[in-house]
Every structure is written in C-alpha cells, then in structure tokens.
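Participant: model the structure of this input:
(2 chains)
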Amino acid sequence: MAAKTLTIDGKQITAEEGETILQAATEAGIKIPTLCHLEGVYDIGACRLCLVEVKGTPKLLPACTLKVAEGMEVATDTERLRKYRRMTLELLFAERNHVCAVCVANGHCELQTLAYSQGMDHVRYEYTFPKWNVDNTHRLFGMDHNRCILCTRCVRVCWHIEGAGTKNVSGRGGKSKIITDLNQPWGASESCTECGKCVMACPTGALFQKGSTVGESERDRDKLEYIVNAREKKQWNA
Amino acid sequence: MERIKIATVWLGGCAGCHMSFLDLDEFLVDIADKIQVVYSPIADVKEYPEGVDVCLVEGAVCNEDNLELIHKIRARTKVLVSFGDCAVTANVPAMRNQFGLGNAESVLQRAYIENAQYNPVIPKDDGIVPKLLERVQPVHELVPVEYYMPGCPPPADRIKALLGQVLAGQTPKLEGPQLKFG
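Facilitator: Now for the predicted structure:
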C-alpha cells in the first residue's frame, strides 16, 4: 500500500492509501466527534457530526467517508465546524422527542454526551413534537421511534454483521422510519434472529432491552418462598 | 454593599429544581448576606417585584398564568436563567404536545374524567384554575433568556457553579457534563 502524507490540524501525518480521514486522525490522536460511525461497520456519512474542512474545497466533507490523499490539508476543529456541529445536534433534538429525563439511555447516550461536549445548552429551533409510536411487540427488545436519530447503525449491523436483514429504512427525510422486515411489528418478524446486535449498536434510547425501562423491574418472589420452604420444611423442590 | 436581588419562580415543573436549590445547604448560608430573595415559592411574596437582578425560572410555560408571569418576569428582571430541563426544553410537561391539536382537552379528560374515582369533573373556575395552553413551550421560545442551566434536576453543584459566578460579577459559563440534560 502506498503511503500518503497530509496534514490534519497543522500536524503532518502519514496514512495508508484507502484509509479515511477519520481513521488517519484517530491514529494521530486527533479526536473528531462522530455519531453514526460505529467501529467494525462500514461508514455512510449520515449524521454530519464528523464534517471537516479541506483546503481548496468550499464544501464541508464527512471524515468517516473521505479518503486520504497526498498533500491534503484538513482542519477538524474550526469555528465554522463547531457552529455546524452544534446546529446539527440541535436539529436532531428538535426533530424527535428526546426527553432525556425519562429516557432509558439517560447517562449512557451518545447523543446526550455529544450535546454537552459540544456546548449545547439549549435548542434554538422550535421543537416539532412529532407523534411516533413505540414497538413493544418483540419478546426481548423494544423500539422507541421518539428517540431514533436515523443513524442506521442497527440496519448496518443487522445486514452486515448478523446477516439477517431484518432492519430496514422506510420513508423519506425526517419522516423516515426504521422498520422490521416489510414494516411488520417486530414481534411478528420471521427473519429476526433475536441476536440483539441492533440494541448494542444503538447510540440513543431508541432500541432497548425489555425489563430495563422505568417501572419494568419485576421481582421473582417465588425464589423467596423456595428458600423459606427449603429452610423450614427441608423441601428443596422448585 | 447592596444585596443582589434574587428571585426563583416555579412554572410548569415538579419543584425538583427547587429541591435541588435547597440542596445547596451551607452555600445558602454563605451567600445569605450577599443576596436578598425577593420572590420565590419558598418566600411568601404575592407579586413579582420590579428591579430583580437574577431570576431562576423552573418549569415550562404550560398555562395562561405561566405565560402572563413569564412576560412580567422578563420586564422586571436583569438576568433571566432557564433553570432545569423543563424551562430549557419543556421536557416532560411538553409530552402532551405530541398529541397535536386538542391535547390540552384530552389530557384533562384523561386525568379528571376517565381516571376519576369520585366526582368526575374538569376544574375550570375562572380566575382560580388557569387555562392550559394549546402548546407547552420552553421559556426561551417566549422571552429572551440570558443563561441556561440544564438538568432534571440540575444538581446542587451546578446551581452553585452558576450562582457563584453570577454573584462574583462574572459572565457564568457551564461546560462539559455541567450541561447534561436529564
């Protein structure tokens, strides 16, 4: 592989041909904010958080899909980029109902963490308060479309790691929706292998494991009865 | 030295932010001789006074009383702080907005008629029960806000950080996890 020499944030670095700016920057210890990027899955440049400036190009380009080139001069942290990153985050928050206080992912959410790391103290756009439902038909997992940012990590892990192809996208723009099979309830899906990779991949509280949400903690009181029974009557039958 | 006039206001929220405010514990004693609390749910003052230096607003704007009060607050306050997620994002009180037009009527129907065990009636005495607005809104969508303090509720150290900077005459700035929603 041919080596390419380029500069990122004024730092001269060498990267292998075919690498992305995100990979090259990460190797050089330069951190670029990402959201739809997931290590181990191919990139699609959907979320626009990793946008960078490239000298000689008026457009901002996503670092996760942009390949390194000889002599490239890249900036990852300029006032213009910070402005657009914050704008992107605010639009994501305004587009669906991200109510952190009552979200299963509160404190473990990549959108929430990115928001405060980028200094988002409020959203300047009018909240849209769309009406979305929650698909709770699957026996193990749930999907809350209110929290979905359409990063398609779930779709990519489902198709390209699990190979099941259960998760898909329907619709256009902000009305796009993550669906299972041909828009069946998740619980009725025959292709889902119940592997849970989509839940692991989700950056927000859109996909979750059942039994972990507020008010879902169920107690197994039979266990207590079993122990008391064993102790008092010397019967160890479950 | 003249004391800084501070107000705290409770609009559509759960009072959790005010509980967090009381969680400031000995810091309240430390600042007691620098501030004067001129209006607050924990100080029995009926009318929001003129010439308030700093006002912490908890809660979203949910009803006609909230709306009237927030405009009065803005007109009579130098520095307005959106205090907690309901003020900053409209948060849980705004979840009814998702039901679209007529959401106010349908939540009242659900709360006071469908779920009522005794005497099902929607309270609506004029001048006593303020009318719900069609849309719950965060404070800054209605009046300009100087500073934002997210959190549900903002922990005491976050309130302390911001108030400490304000009292020291600095422009307050919260950063990193001090800006966490939820």
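
Participant: which ones are touching the closest residue in space to residue B:150 that isn't next to it in sequence?
Facilitator: Using C-beta to C-beta, 6 or more residues apart in numbering or on different chains and skipping the chain neighbours, the partner closest in space to residue B:150 is residue B:181 (4.7 Å). Yep, even glycine has a C-beta here, placed from its N, CA and C like the rest. Residue B:181 makes contact with A:100-101, A:112, A:115-116, B:85, B:88-89, B:150-152, according to C-beta atoms under 8 Å, 6 or more residues apart in numbering or on different chains.

Participant: residue contacts, residue B:35?
Facilitator: Contacts were defined as C-beta under 8 Å, 6+ apart; by that measure residue B:35 touches B:3-6, B:167.

Participant: could you dump those to TSV with secondary structure, pLDDT and neighbour count?
Facilitator: TSV is the format used below for those (DSSP: H, G, I helix; E, B strand; the rest coil; pLDDT from 0 to 100; neighbours: other C-beta atoms under 10 Å in any protein chain shown):
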residue	secondary structure	pLDDT	neighbour count
B:3	coil	94	14
B:4	strand	95	19
B:5	strand	97	19
B:6	strand	96	23
B:167	helix	88	17
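
Participant: can you list the residues of chain A near chain B?
Facilitator: Proximity of chain A to chain B (C-beta under 8 Å from any C-beta of the partner chain) is limited to residues A:93, A:97, A:99-103, A:106-107, A:112, A:115-117, A:119-123, A:126-127, A:129-132, A:146.

Participant: run the last query once more with 7 Å
Facilitator: Chain A comes close to chain B at residues A:97, A:99-103, A:106, A:112, A:115-117, A:119-123, A:126-127, A:129, A:131, as judged by C-beta under 7 Å from any C-beta of the partner chain.

Participant: tell me the one of the contacts of residue B:181 nearest residue A:11?
Facilitator: residue A:116 (26.6 Å; C-beta to C-beta).

Participant: you'd agree that closest one is up against residue B:176?
Facilitator: Yes. Judged on C-beta atoms under 7 Å, residue A:116 makes contact with residue B:176 at a distance of 6.1 Å.

Participant: so what's the residue in chain B that chain A sits nearest to closest to, chain neighbours aside?
Facilitator: Taking C-beta to the nearest C-beta, chain A has its nearest neighbour within chain B at residue B:182, 2.8 Å off. In space, and not counting its chain neighbours, residue B:182 is closest to residue A:100: 2.8 Å by C-beta to C-beta, 6+ apart.

Participant: also residue B:27?
Facilitator: residue B:160 (5.3 Å).

Participant: how far away from the center of its chain is stretch B:86-106?
Facilitator: Computed by C-alpha atoms, centre = their mean, to the nearest Å, the chain-centroid distance of stretch B:86-106 equals 16 Å.

Participant: my bad, stretch A:83-101
Facilitator: Centroid separation for stretch A:83-101 versus its chain: 14 Å, with C-alpha atoms, centre = their mean.

Participant: who has more neighbours, residue A:116 and residue B:176?
Facilitator: Comparing residue A:116 with residue B:176 by other C-beta atoms under 10 Å in any protein chain shown, the one with more neighbours is residue A:116, at 19 against 10.

Participant: circling back to that earlier point, farthest-apart pair in the contacts of residue B:35, please.
Facilitator: Spanning the widest gap among the contacts of residue B:35 are B:5 and B:167, at 11.9 Å by C-beta to C-beta.
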